Structure formats: structure tokens, C-alpha cells
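Undergrad: predicted coordinates and the sequence they were generated for:
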Amino acid sequence: MDDLSPELFDFIAARCPDLPRITGGRRFGTGQSNPTWALTTEGAPLVLRAKPPGKLLPKAHMIEREYRVMAALADTPVPVPRMHALIEEANPLGRPFYLMAHVEGRIFWDPTLPEVADRAAIYDAMNAVLATLGGLDPAALGLDDYGRAEGYFHRQLAVWTRAYAASVEDPDPELVDLGDWLADCDPADAAPALVHGDFRLDNMIFHPTEPRVIGLLDWELSTLGHPTADLAYQVMQWHLPHDGPLKGLGGVDRAALGLPSDAGYVARYCARRGIDGVSDWNAWLALSAYRLAAILAGVGARAEAGNASNPESGRAYGRLVPELVELGQRFRRRR
């Protein structure tokens, strides 16, 4: 069960008497951030998600924020699992964790969707969730203090510049150059929006038979910001090679598979949001590549230090950093 113990199950039973008693657990083998377990119980199954062990970067692995935002979204059209309990006090696991309902459905790991007949419908379902998320009023959800929306572009640049510097001893000069260029960009602000922070296909659970998202997961990086951020981050990742550790759509004939083009996906999003278009698009794409490069540099560093949820794939993700730097530079040149 890897870190789970009968003592932990007894602790949860005492702390959360309304939940069914836990009888066992199985750790999910994927994911690089917060280790997660499927729990069997005497009733409905549960999921436990915890901070990783060891020394962590400041403000990283914020499962407390994950719990808060998903609890706030419970009665909105954005589908999230039901939250049960956040445990921050001392416990047998030795670190904070939360418990949520298990959502039974499909997770797609390959963006070409080889197992799906109507691929366009799956992408349109993602688009619908993203547009709905971008249109929510954070203040109405009690999340008006969840972050600072103004100046989001440059604050994100600063956050990931600091994170990258804290993760590596020898910075990539091309990534530093991209960061310097991004610092000179000046995209317009927008009304405050809830930003997921890692909006992509494999962070969603789809209905077992219908092209419908029933759970949007992994809110660790969520904050208040600019709605274009999630859209650009998702589209940016499609430019990664399909045969890489983070499967993109690079080299894939999207039209032949019924998958949307970048322009088509953005246009559908804008139609749903009732907006005319997206300004400063390539700057947002370049920031997304820069941000992911900084994140994966940290993942690779944790893997090398023996402090990653999945060390082997963590090292593979770390090796993607130069490719993301080049991708960001390509978006820069398109501007």
C-alpha cells in the first residue's frame, strides 16, 4: 500500500466517522506531483491525495488549495469529485492529505484517442468545460481571495522564474532568454477568472460511455488570473511530439483523425464565451511553454534527488526541458 497503514485507517475512522471504514488502498502509479491512492471501503470507494514526502519548494504541492477550490466548485457546472475531508494536523501518514469521492469513468492518456470513435466530441467536451470555467465569477464562489488576477501574466513569469532558479544549478541560457523576452510583453488584463493551471486531457475523467467530462482533477496550480492562460496551456502542449513522454499532437494529421486545429478549438471556445477572439495569443503560448519547462525542470531535479512520485518518468520529463524551450522560442518568432 506504500505509506498507508492500518493505523492511518483507524485515524481516518476516528477523524471522519461519517465516512465508510477503509479496508485497503492502491497507489495510482502515474503523476509526478501529489501521490494519490484509491481506497477500498465498506461502502463507496474513496481517493486519498497527499503531499509528497521530503523537502518541498515553497508554495509547492498545495493540496490545501486543491481541496478548497474543488469544494467551492461542488454546485457549479464544472464537474469535480465530492470533497470529504482535509487533514492538516499530525497523522500516521506524516503529512497533510485529503479525502474525496472516487469518480468512475475513463481517463485518456493519448491525445489522438485511438480507442474512441467520435474524437471530435471528446475535444468539444473539454472545450465546453474550459469555457464554463472561464466564465465563472470567483467572488460568487467565495474565492475572491484565492489569488491576484491583475498582472497575472507577469506574476506567473516571476513565479516560474524563481521556481526554475531554485530547481537547477546551471540555467539553460535559451530559457533565460525566453524569460527576458516574455518580461517585455504586455498582454492586457481581463476580468478575474479561476485558472485551473494544468488543463489537459489526462487530468479529466470522462463518462464511461458518453463524450462528457464528469471530473476535472489536479487543481494544485489553480489560482485567480487570466482565462486565456488555461486555453493557451492546453493548446501549447498539443505542439509537443506525439511519441514523447508528454504525448502531444506534433506530427499528427489532426484533420484525418477528426481532431480540431488550434484555430478551430480557440474559435469554439470564444463562441462559447461570447468573446470576439484572444489577444496576445503567441505571448500566452510562449509563457505556457516557459512555465512547463520550469515545472519539468523541477520534476527532473526531484527525480534525481530521489524525491519524485515516479522517478523514472520524472527523469524523462526533465529531459523535455530543451524541447519546450525551443517550442517557446518558436511561438516567440511567430508573433
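TA: The structure has been received and is ready for your questions. Numbers count the residues shown, from 1 in each chain.
Undergrad: ok, residue 201 - contacts?
TA: The contact partners of residue 201, by Cβ atoms under 8 Å, 6 or more residues apart in numbering, come to 108, 109, 111, 126. Every C-beta, even on glycine, is put in place using the N, C-alpha and C of the backbone.
Undergrad: nearest to residue 253, of these?
TA: Closest to residue 253 out of the contacts of residue 201 is residue 111 (13.1 Å), distances taken as Cβ to Cβ.
Undergrad: verify the stated contact: the closest one with residue 238.
TA: Yes: here residue 111 reaches residue 238: they are 6.7 Å apart, a contact under Cβ atoms under 8 Å.
Undergrad: hey, what's in contact with both of these two?
TA: With Cβ under 8 Å, 6+ apart, residue 111 and residue 238 have common neighbours 248, 249.
Undergrad: so which of these two has more stuff around it?
TA: For residue 111 versus residue 238, the count of surrounding residues by other Cβ atoms under 10 Å is larger for residue 111: 24 against 21.
Undergrad: the more buried one: what's it in contact with?
TA: By Cβ under 8 Å, 6+ apart, residue 111 lies in contact with 201, 238, 242, 247, 248, 249, 259.
Undergrad: need phi/psi at it.
TA: Dihedral pair for residue 111: phi -70, psi -10, per degrees, to the nearest 10.
Undergrad: return the distance of stretch 102-112 from the chain's centre.
TA: 14 Å (Cα atoms, centre = their mean, to the nearest Å).
Undergrad: just stretch 34-52 next, same as before
TA: Relative to the chain's own centre, stretch 34-52 is displaced by 19 Å; criterion: Cα atoms, centre = their mean.
Undergrad: check what pLDDT residue 57 gets.
TA: Residue 57 is assigned 58 on the pLDDT scale.
Undergrad: ok, now residue 234?
TA: Predicted confidence (pLDDT) for residue 234: 98.
Undergrad: hey, where'd the helices end up in the stretch 1-150 of the chain?
TA: Under the criterion DSSP state H, counting those that start in this stretch, the stretch 1-150 of the chain contains helices at 6-15, 63-72, 119-134.
Undergrad: contacts only, for residue 254.
TA: Contacts of residue 254 (Cβ under 8 Å, 6+ apart): 260, 261.
Undergrad: do residue 160 as well
TA: 290, 291, 294, 295.
Undergrad: helix, strand, or coil at it?
TA: Three-state call for residue 160 (DSSP: H, G, I helix; E, B strand; the rest coil): helix.
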